[in-house]
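**Student:** heads up, no residue letters with this:
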């Protein structure tokens, strides 16, 4: 039997981008590599297969070391919803947690909610709240920067 944590993180943000573009940013490995990172550092590698049962892997390099996130897609409903497992020694203490990304079109903008559940303890959730807030800001920057022609 798996012990499920009870701490939860919710981060919401309105993004100046179409819902399809936001969904694509969450499901394209090249794009994930550009923004899915809190604080200073680099995404050294991002891989994803955004289908139910598909896996993803993100290797992040920080000044303090390497953090690798892995998971499996549980729900893929373009362009409105993604649910995936999330496992990372740095974020979850190695425990498998669950992330739900909900996107709602509102004219030319998208309301995004990230719900990260099943943390083993509140200190992990506190760190994740700060990380997801930073990541949401980086996604907004990624979505609003001019693209090369």
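**Tutor:** Cool, got the structure. Quick caveat: nothing in here was measured; it's all calculated off a predicted structure. Numbers count the residues shown, from 1 in each chain.

**Student:** contacts and neighbour counts: CA atoms only from here.
**Tutor:** Fine.

**Student:** excluding its backbone neighbours, what's nearest residue 57?
**Tutor:** Take residue 57 and drop its neighbours on the chain: the residue closest to it by Cα to Cα, 6 or more residues apart in numbering is residue 70, 4.5 Å away.

**Student:** residues in contact with stretch 39-59?
**Tutor:** With contact meaning Cα atoms under 8 Å, 6 or more residues apart in numbering, stretch 39-59 is reached by 27-30, 32-34, 36-37, 60-63, 66-76, 131, 134.

**Student:** helices - which of these land there?
**Tutor:** Taking DSSP state H, the ones among the contacts of stretch 39-59 that sit in helices are 27, 29, 30, 32, 33, 34, 131, 134.

**Student:** residues contacting the fourth one?
**Tutor:** The contact partners of residue 32, taken as Cα under 8 Å, 6+ apart, are 25, 26, 46.

**Student:** against residue 28, how distant is the residue nearest the centre of the chain?
**Tutor:** For the chain, residue 36 is the residue whose C-alpha lies nearest the centre (Cα atoms, centre = their mean; 6.4 Å). Distance of residue 36 to residue 28, computed by Cα to Cα, to the nearest Å: 11 Å.

**Student:** then residue 143?
**Tutor:** 13 Å.

**Student:** immediately after the helix or strand bottoming out on mean pLDDT in the chain, which helix or strand?
**Tutor:** In the chain, no helix or strand scores lower on mean pLDDT, DSSP states H and E than helix 89-92, which sits at a mean of 69. The first helix or strand that comes after helix 89-92 along the chain, using DSSP states H and E, is strand 96-106.

**Student:** got the contact list for that next one?
**Tutor:** Here strand 96-106 makes contact (Cα under 8 Å, 6+ apart) with 18-19, 22-23, 79-88, 110-119.

**Student:** so which of those residues are in helices?
**Tutor:** Among those, the members falling in helices are 19, 22, 23 (criterion: DSSP H).

**Student:** adding distance to residue 50 and pLDDT, write those residues out as CSV.
**Tutor:** Shown next, in CSV, are the ones in helices among the contacts of strand 96-106 (distance: Cα to Cα, whole Å; pLDDT from 0 to 100):
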residue, distance to residue 50, pLDDT
19, 16, 98
22, 14, 98
23, 11, 98
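
**Student:** with that, I have no additional questions.
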